[in-house]
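Asker: Build me a model from this:
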Amino acid sequence: MKIVDAKALIENLRRLPRETEWVEFKLNRFNEEDVAQYVSGLANSAILKGEARAFLLFGIEDQTHEIAGTDVRLKEKKVGNEPFENWLNRCIEPRLNLEFVSVDFDGKIVELIAIDPAYQQPVRFKKLAYIRIDTSLQPLHEYAEKERALWLATSSFAFEQGIAGHHLTGEEIFELTDPLQFLEMLGHQRMSKASAVEMLVARELLIDNMQGRWDVTNLFALLAAKRLTDFPSVANKAPRVIEYKKTKKLEAVGDVTGNLGYALGFKKLLTYIMSRMPHEEIMVMGVRRNKYPIPEIAVREIAANALIHQDFTKLGQPTIEVFKDKLVITNPGAPLVDPKRFIDTPSKSRNEKLSALMRSLGLCEQRGSGVDRALDAIEQEALPAPFFREVEGSMVVTIYRPGSFAEMSREARIRACYQHCCLRFEANEYMSNASLRSRLGLPSTQYPQASQVIRDTIDEGLVRPVDEDQGNRNARYIPFYAVGSV
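Answerer: Modelled structure (predicted):
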């Protein structure tokens with residue numbers, strides 16, 4: 001948050017019914033160590049209260065909130081020979097964004113320190129953290145429950161909560177984003193612009209900056225921007241689709257980068273990707289439908305995952321590359337889960353709020369079921385198994401177009417066997433030779449080929465028999481991680 005209209009901010013703070021855990025009023029009493037302790041306590045309390053900033057003001061009566069003025073001049077204060085502002089920044093750990101403002105109210109000076117909370121750990125002064133209990137300043141270690149809550153709150157701060165647009169009017173918000181369409185996608189009835197802003201503030205997608213305007217969060221800009229390039233913090237996070245003429249990156253025939261927010265543009269993105277693939281028209285219950293070489297649901301879920309799980313602190317953008325024989329979907333950021341455990345491990349995300357809203361918007365499956373859905377659709381078509389891997393700090397997923405069993409490499413067959421075994425296990429079923437043949441599109445006469453794939457997958461340590469003494473014809477198999485569960 002930037003202070004653009006300090007007078008409006010101070011007037012709004014004065015309208016509070018009383019001092020709060022994140023606002024302190026003082027007159028002339030100044031002691032550098034007391035101020036540093038208050039900065040620690042106010043910053044920590046702001047985190048717990050979900051406030052974007054805390055404030056320490058000199059020149060305001062704490063009971064009446066009347067402007068009395070102060071003799072304190074923060075910019076002129078020194079500790080020894082060091083300017084107080086430098087001293088404070090040096091003594092507070094971790095370093096905070098502190099804004100010092102002096103405002104003249106008809107000859108009465110109000111001095112203001114605006115304090116951005118820390119999002120890595122509790123704020124300390126001389127290795128001691130403080131907290132506000134009601135309006136009283138106390139050492140944090142004396143309140144174990146609040147200390148635990150504060151550590152949890154600091155660790156959960158994410159890029160989503162950062163500010164993409166500062167000090168915007170209502171008109172500017174509607175010029176840069178589409179709140180009404182966004183809220184309709186969430187199931188809300190058409191409403192007035194004022195009501196839409198109120199609802200977005202309640203959802204913490206917009207922040208009332210207490211200066212008569214609003215700040216737009218990174219999360220809302222990512223989802224509802226009319227042009228992502230209008231917001232520098234997310235301008236380079238638009239998905240890019242590159243189409244190649246053949247199977248390698250030798251000749252690109254198309255290169256398009258989106259600019260709509262993810263909520264507004266995801267369906268258009270998916271339509272564009274699917275249109276880049278050859279397809280045929282088929283009749284389904286008397287209705288003509290397009291049949292694609294890769295199921296749309298698989299593309300949708302994996303593309304959505306690339307948007308949701310990217311690391312916004314890394315360079316790069318989600319990229320979808322369309323080749324004649326495959327799709328390659330890449331997002332910046334190493335996976336939080338071992339790619340071998342994507343099917344069974346509960347979903348983890350760096351961007352929990354983005355993930356939740358994308359699900360609420362109906363743009364992807366519920367938590368943890370998206371990859372399963374994608375793989376199930378791929379198995380139904382007997383397509384080659386997707387390849388999930390980390391490449392130089394990015395997540396890369398390759399989805400293959402149809403290919404015969406004979407065309408599959410040994411590694412591709414093992415990958416298909418392992419993923420099939422995982423899906424069966426998650427459905428409380430076992431993999432068998434028969435189920436694997438069905439998944440690979442093999443007839444019963446190719447029983448030996450399926451058996452060889454299973455043996456290769458066992459040799460790689462990815463699956464194991466339920467019973468080591470079971471006969472080959474009735475053998476059942478489970479993933480390696482299921483040891484001890486049967």
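Asker: The closest residue to I294 other than its chain neighbours sits in which helix or strand?
Answerer: Spatial nearest neighbour of I294, chain neighbours left out: I399 (5.5 Å); criterion: CB to CB, 6 or more residues apart in numbering. Every residue, glycine included, has its C-beta placed from N, CA and C. Assigned by DSSP states H and E, I399 belongs to strand 394-400.
Asker: cool, D255 as well?
Answerer: Using DSSP H and E, D255 sits within strand 252-257.
Asker: now stretch 193-202: mean pLDDT?
Answerer: What stretch 193-202 shows for mean pLDDT is 96.
Asker: What are the neighbouring residues in contact with the residue lying closest to H420 once chain neighbours are set aside?
Answerer: Closest residue to H420 apart from its sequence neighbours, by CB to CB, 6+ apart: R439 at 4.6 Å. Contact analysis of R439 by CB atoms under 8 Å, 6 or more residues apart in numbering lists E379, A382, A416, H420.
Asker: The residue nearest to I294 contacts E296, correct?
Answerer: No: at 11.4 Å, I399 does not count as touching E296 under the criterion of CB atoms under 8 Å.
Asker: List of residues touching stretch 2-21?
Answerer: Identification of contacts with stretch 2-21 by CB under 8 Å, 6+ apart yields 23, 25, 42, 45-46, 48-49, 55, 57, 60, 62, 65, 67, 99, 101, 103, 105, 110, 112, 114, 132-135, 166-167, 209-213.
Asker: scratch that, stretch 420-428
Answerer: Outside stretch 420-428, the residues within contact range by CB under 8 Å, 6+ apart are 343-344, 372, 375-376, 379, 385, 430-431, 435-436, 439, 457, 462-463, 477-479, 482.
Asker: what about the residue positioned nearest the centre of the chain, distance to R373?
Answerer: By CA atoms, centre = their mean, the chain has its centre lying nearest to N351, at 1.7 Å. Remark: distance between N351 and R373 (CB to CB, to the nearest Å) = 20 Å.
Asker: ok, how many other residues are close to the residue nearest to I60 when sequence neighbours are not counted?
Answerer: With CB to CB, 6+ apart as the criterion, I60 has its nearest non-adjacent residue at 4.1 Å, and that residue is F25. By other CB atoms under 10 Å, the residues close to F25 number 24.
Asker: What score does I282 have for pLDDT?
Answerer: So I282 comes in at 66 (pLDDT).
Asker: can you check L315 too?
Answerer: In this model, L315 carries a pLDDT of 86.
Asker: repeat for N472
Answerer: We have a pLDDT of 65 for N472.
Asker: Also L9?
Answerer: Looking at L9, its pLDDT is 94.
Asker: my guess is it is in a helix, correct?
Answerer: Yes: L9: assigned to a helix according to DSSP: H, G, I helix; E, B strand; the rest coil.
Asker: So G165, which state does it fall into?
Answerer: Here G165 is recorded as strand under three-state DSSP.
Asker: I figured it was touching A221, is that so?
Answerer: Yes: counting by CB under 8 Å, a contact exists between G165 and A221, whose distance comes to 6.6 Å.
Asker: what residues are shared contacts of the two?
Answerer: Common neighbours of G165 and A221, using CB under 8 Å, 6+ apart, are L176, F231.
Asker: Would you list the phi and psi of D62?
Answerer: Main-chain dihedrals, D62, degrees, to the nearest 10: phi -80, psi -20.
Asker: That one against K26, yeah?
Answerer: Yes: at 7.2 Å, D62 and K26 qualify as touching, with contact defined as CB under 8 Å.
Asker: Looking at these two, which one has more neighbours?
Answerer: Set side by side, D62 and K26 show more neighbours around K26, with 19 against 15, by other CB under 10 Å.
Asker: If the more buried one is in a bridge, with which residues?
Answerer: Assessed by DSSP bridges, K26 has beta-bridge partners F58.
Asker: the helices in the stretch 351-486 of the chain, which residues?
Answerer: Secondary structure of the stretch 351-486 of the chain (DSSP state H, counting those that start in this stretch): helices at 352-360, 370-380, 410-426, 433-440, 447-459.
Asker: would you turn the ones you listed into JSON lines with mean pLDDT and distance to R289?
Answerer: What follows is the helices of the stretch 351-486 of the chain, written out as JSON lines (pLDDT from 0 to 100; distance: least, CB to CB, whole Å):
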{"stretch": "helix 352-360", "mean pLDDT": "91", "distance to R289": "25"}
{"stretch": "helix 370-380", "mean pLDDT": "92", "distance to R289": "15"}
{"stretch": "helix 410-426", "mean pLDDT": "97", "distance to R289": "25"}
{"stretch": "helix 433-440", "mean pLDDT": "96", "distance to R289": "24"}
{"stretch": "helix 447-459", "mean pLDDT": "96", "distance to R289": "32"}
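Asker: Using TSV, lay out those helices together with distance to S394.
Answerer: As requested, these are exported to TSV (distance: least, CB to CB, whole Å):
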stretch	distance to S394
helix 352-360	18
helix 370-380	17
helix 410-426	20
helix 433-440	29
helix 447-459	27
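Asker: Nearest to K77, out of these?
Answerer: Checking those against K77 by CB to CB gives helix 352-360 as the closest, at 39.9 Å.
Asker: Next, the angle helix 370-380 makes with the closest one.
Answerer: Per axes from the mean of the first three to the mean of the last three CA atoms, to 10 degrees, the angle that helix 352-360 makes with helix 370-380 is 50 degrees.
Asker: before we move on, back to that, now, of the contacts of stretch 420-428, which are buried?
Answerer: Those of those that meet the buried threshold are 343-344, 372, 375-376, 379, 385, 430-431, 435-436, 439, 457, 462-463, 477-479, 482, by 16 or more other CB atoms under 10 Å.
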